[in-house]
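1. no FASTA, just this:
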């Protein structure tokens, strides 16, 4: 019998710390969005891989809004953890901050959701553990995951808006 | 008097071609999503910068869904062009393909929208030209830009779902 | 029977667009020649590989003269296409421009010819298609290819100057 | 009075040793020509800069013919030294070898000439020292420099073939 | 009056998580020691900089012994924190692990001490806060710092072995 | 019978020359210690590999003290050679200089010892040649190697201080 494993969100937690170097910046001396999304992809892939103990590939990235530019020489913190798993996929939530170590000003850069699919050695999707929530924050993220998934499916052309019950409720 | 400049989408067109090298790939020998988003950020920033003739910074990235993995040694094509401009921001649409040059199989990887803000030398947002559509495809992208913008504002917490007239229509 | 395939130059066309980042520049803030030649090698290898649908290796690089420095933050455009094929090798011509997206000044950096050999899975040279010219420009490049090839052979010590009929004509 | 400094070729000598890493290689596991030309650009720029004690920029690269592929994990040796100086420019000659440290097989990859211009702080070309030859090999390289320079000027469209006395002699 | 600030070790804590990519590995597919030391330098510099709120430069690195190789595709964890400060310098201790996310085997790679000097905007060393220990482990690291410092001074030729009271005790 | 090969230190000699580029530097425009240790790891690994004609892995790094910062645009010289071999390991000594090519000021950055183990194709340690000294300097380095090895073993927790005869003599 195939018992379904469960795992907690905290078991998937990854903290990444990076220093903004010259080649990471645009002409304003700010971290380029693309370089940040590269780091976020690795941080969240590691969180997903810790959760399912398999290699994973990036399936999708949700809308990201960059709030405050991160400056050359500042530090980037990325905290990533799985919020919910589906059959073979996992949603990972990230919070990203910048920090000026001299002034000790720490500022939020953005939040994001990346989704990953677990693969076996033959590149076929495989079952992942179910997520067991432990905190109110985790419950909130777990519950929102369905709505975000519907939005992904609609935006990816795989679901019709009128079928997205969770989303429809939002707009009426 | 401050006459408003207009520009066409084709004036902003950027074509980027990249080769997938070992360090761009995950354990499956596939291009990592983060590396691709890095290239897409540069391609779309160049398109936005060509459009407004100012430096730009990435403001947001819309939902991206990765359809087919791009393999080590394959080629990545990114076509980027501005679809619509607002006061100080521009939406850029990208199409991304992979190609195996040996088999000549060219496959779609994903489509995406990145948004940029134009800045002057003091890092203040500045007016950008208005986009003048030329083709049916451009009109379609131009019209959809309002709806995507509402979605961005809602997802970024800057608009309430019930105020998003364009989107509401979709769900009822 | 082994029919010889033909291909057009335009079927091999590759457009590469790159942004000059800090680590690409020398102390003057100009793109280093070596970094540009690296990008050119990839652009032209892709053009050759598109032409013959096999992997290729760089066989030689013709004299390159750098005319205008490309500045940090500017864009580099490389247009590459095959000009003529021989038994197992192909000559690729490239035009390289820089552009300041703010001032919209686009300036020529250099032109160059790289030569590639097509290899099979055992690293042995293989037959490549013949090039069929379509425009006057392509005919001009096709015709010049013989002369450049003689020069390559002489400079590589594989032909004696007095045997280079095409070149001799030039000097008398 | 402006006495002209002289320097020897050996005062400009630079030895560079690099290890071929995965990202430097093509699908055959061979060092990409473009990556090698990047290293050669830095090695020769350092030789030119040691010679004139000013920053330099790459002016041109002569025909390079790649003889033997350098494999992943092998070592690249580049020996660079100035062969002759003109008013504000210097020709640098390089020899490049690969070596398999396990089998101790050392093999020649190519020879090349890069030309550099010395610049002052305002980006204006400045006088460089004259080269004083010390060995027969250096005399041979010094004498050949004129002929190579004529070829560069012809190929760069700055001299007519019939004016190139040194070259004409070769072809008749 | 110049009151001396105090800070705790935990205020300097930095956690860095990196993924081992192809270009980070040697021919055995193991993370190269030099690449690891590069990441460790950044992790510990950030810890020192968080502690003193100034930019810092690496002054010295203590003996590092690499215990278990970290494989391609595995994760590297670096935990860094200041153990003791002197007038203008800080010692940072790091623990480094590798982890195979598939098998969940986490293994120790090494421990290390890097030392940093805090600099002001004129590149002059400046006073740093004093460290206040909070745990037994921190007391142990704090106490050992003197002995390690004597060893550094001896190995750096700035102290005679016979003057190193702390160390002498060890050997008799 | 297994005759033991001998090799000289000079047979292992490696000279590496690198240019300090923007991404190699910290906010002061100085070469980061970690980047230098990365280059030193490759230079010394090549020296060890030349000595034993096998692939090698970094076993340990001795205390390094950074004396003078190397500036952006300056040159780094690393000279590496094996000082002594043990059964399956080799100690490599390095001298590192920086040089400002404009002022011709060449300054010492640091000296260091890295230790490597030779491995066969199955990742098992293999016998390495014995080192035969040729100069007084080499004898001095050879003799000191035992003392440094004891220190490494003590610092790595593999020897008790009271057993280190060579070291004990130093402190009494």
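-> Cool, got the structure. Since this is a predicted model, take the numbers as computed values, not measurements.

2. wouldn't residue A:67 be in contact with residue A:108 here?
-> Yes - between residue A:67 and residue A:108 there is a contact under Cβ atoms under 8 Å: 6.0 Å. The C-beta positions use only the backbone N, C-alpha and C, and glycine is treated the same way.

3. Can you name the residues that contact residue A:88?
-> The neighbours of residue A:88, taking Cβ atoms under 8 Å, 6 or more residues apart in numbering or on different chains as the test, are A:117, A:118, A:125, A:126, A:127, A:128.

4. The nearest residue in space to it that is not next to it in sequence and chain E: what is the separation?
-> Spatially, and ignoring its direct neighbours in sequence, residue A:88 is nearest to residue A:125 (3.8 Å; Cβ to Cβ, 6 or more residues apart in numbering or on different chains). Distance, residue A:125 to chain E, using Cβ to the nearest Cβ, to the nearest Å: 16 Å.

5. same question, residue A:67
-> Taking Cβ to the nearest Cβ, one finds residue A:67 at 22 Å from chain E.

6. How about residue A:71?
-> Between residue A:71 and chain E the distance is 13 Å, computed by Cβ to the nearest Cβ.

7. re the thing from before, ramachandran angles for the residue nearest to residue A:88?
-> phi -60, psi 140 (degrees, to the nearest 10).

8. Now for it, how many residues are close by?
-> Per other Cβ atoms under 10 Å in any protein chain shown, the neighbour tally for residue A:125 reads 15.

9. Tell me who's in contact with it.
-> Contact analysis of residue A:125 by Cβ under 8 Å, 6+ apart lists A:87, A:88, A:89, A:117, A:118, A:119.

10. Can you give me the pLDDT of the residue lying closest to the third one once chain neighbours are set aside?
-> If I follow you right, that is residue A:89. Distances taken as Cβ to Cβ, 6+ apart place residue A:117 nearest to residue A:89, at 4.9 Å, with adjacent residues excluded. Note on residue A:117: pLDDT of 97.

11. Now do the same contact list for residue A:42.
-> With the criterion set at Cβ under 8 Å, 6+ apart, residue A:42 makes contact with A:16, B:32, B:34, E:19.

12. roughly how far apart are the nearest residue to residue A:147 once chain neighbours are set aside and chain C?
-> Nearest non-adjacent residue to residue A:147, counting by Cβ to Cβ, 6+ apart: residue A:166, 4.3 Å away. Distance of residue A:166 to chain C, given as Cβ to the nearest Cβ: 40 Å.

13. where's residue A:166, which helix or strand?
-> For residue A:166, the host element (DSSP states H and E) is helix A:165-170.

14. Of all the residues in that helix, which ones are buried?
-> Of all the residues in helix A:165-170, those buried under the rule 16 or more other Cβ atoms under 10 Å in any protein chain shown are A:167, A:168, A:170.

15. which residues sit in contact with residue A:101?
-> Counting by Cβ under 8 Å, 6+ apart, residue A:101 makes contact with A:74, A:75, E:46, E:49, E:50, E:53.

16. Reformat these as TSV; add neighbour count, distance to residue A:156 and secondary structure.
-> Formatted as TSV, the contacts of residue A:101 follow (neighbours: other Cβ atoms under 10 Å in any protein chain shown; distance: Cβ to Cβ, whole Å; DSSP: H, G, I helix; E, B strand; the rest coil):
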residue	neighbour count	distance to residue A:156	secondary structure
A:74	24	34	coil
A:75	20	34	strand
E:46	23	38	helix
E:49	24	42	helix
E:50	21	41	helix
E:53	16	46	coil
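
17. What is the nearest of those residues to chain B?
-> Ranked by distance to chain B (Cβ to the nearest Cβ), the contacts of residue A:101 are led by residue A:74 at 15.3 Å.

18. Would you quantify the distance from the closest residue to residue A:126 other than its chain neighbours to chain C?
-> Computed as Cβ to Cβ, 6+ apart, the closest residue to residue A:126 that is not its neighbour in sequence is residue A:120, at 4.7 Å. Noted for residue A:120: a distance of 27 Å to chain C, by Cβ to the nearest Cβ.

19. Quick check: residue A:120 touching residue A:54?
-> Yes - in this structure, residue A:120 is within contact of residue A:54 by Cβ under 8 Å, at 6.7 Å.

20. Settle it for me: which of the two has more neighbours?
-> For residue A:120 versus residue A:54, neighbours defined as other Cβ under 10 Å are more numerous around residue A:54 (20 against 12).

21. The more buried one: what's it in contact with?
-> Here residue A:54 is in contact with A:118, A:119, A:120, A:126, A:128, E:102 (Cβ under 8 Å, 6+ apart).

22. for the residues you listed, which one is nearest chain B?
-> When the contacts of residue A:54 are ranked by distance to chain B (Cβ to the nearest Cβ), residue A:119 comes first, at 6.8 Å.

23. beta partners for the closest one?
-> Here residue A:119 sits in beta bridges with residue A:125, going by DSSP bridges.

24. Quick check: neighbours shared by residue A:120 and residue A:54?
-> residue A:126.

25. quick one on the thing from earlier: and the contacts of residue A:88, which are buried?
-> By 16+ other Cβ under 10 Å, the contacts of residue A:88 give A:117, A:118, A:128 as buried.

26. Export these as JSON lines, with columns for distance to residue A:11.
-> Below are the buried ones among the contacts of residue A:88 laid out as JSON lines (distance: Cβ to Cβ, whole Å):
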{"residue": "A:117", "distance to residue A:11": "19"}
{"residue": "A:118", "distance to residue A:11": "15"}
{"residue": "A:128", "distance to residue A:11": "12"}
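
27. Which one of those residues is nearest to residue E:159?
-> Nearest to residue E:159 among the buried ones among the contacts of residue A:88 is residue A:118, at 55.7 Å by Cβ to Cβ.

28. OK, contacts around the closest one?
-> A:48, A:52, A:54, A:55, A:56, A:88, A:89, A:90, A:125, A:126, A:127, A:128.

29. and those, which of them are in helices?
-> A:48, A:52 (DSSP state H).

30. Of the contacts of residue A:118, which is the nearest to chain B?
-> For these, the residue nearest chain B by Cβ to the nearest Cβ is residue A:55; the value is 5.1 Å.

31. List the residues that contact the closest one.
-> Applying Cβ under 8 Å, 6+ apart, the residues contacting residue A:55 are A:49, A:118, A:119, B:26, B:27, B:28, E:73, E:102.

32. mind putting those residues in CSV, distance to residue A:142 included?
-> Listed next are the contacts of residue A:55 as CSV, based on distance: Cβ to Cβ, whole Å:
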residue, distance to residue A:142
A:49, 20
A:118, 18
A:119, 24
B:26, 27
B:27, 29
B:28, 29
E:73, 29
E:102, 25
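
33. Any of the residues you listed buried? List them.
-> For the contacts of residue A:55, a burial check counting by 16+ other Cβ under 10 Å picks out A:49, A:118, A:119, B:26, B:27, B:28, E:73.

34. Flag every residue of chain A that's near chain C.
-> A:22, A:23, A:25, A:27 (Cβ under 8 Å from any Cβ of the partner chain).

35. quick one: what helix or strand has the residue lying closest to residue A:167 once chain neighbours are set aside in it?
-> Nearest non-adjacent residue to residue A:167, counting by Cβ to Cβ, 6+ apart: residue A:150, 5.0 Å away. Applying DSSP H and E as the criterion places residue A:150 in helix A:136-155.

36. Could you list the residues in contact with that helix?
-> A:9, A:60, A:62, A:83-84, A:86, A:91, A:93, A:113, A:115, A:131, A:133, A:159-161, A:164-167, A:170, B:62-63, B:65.

37. Low-confidence ranges, chain A, go.
-> A:1-3, A:172 (pLDDT under 70).

38. coming back round to it: identify the farthest-apart pair in the buried ones among the contacts of residue A:55.
-> Every pair of these checked by Cβ to Cβ; the farthest is A:118 and E:73, at 14.7 Å.

39. Name the residues of chain A found near chain E, please.
-> So far as Cβ under 8 Å from any Cβ goes, chain A lies against chain E at A:14-19, A:42-43, A:45-46, A:49-50, A:53-55, A:73, A:75, A:101-104.
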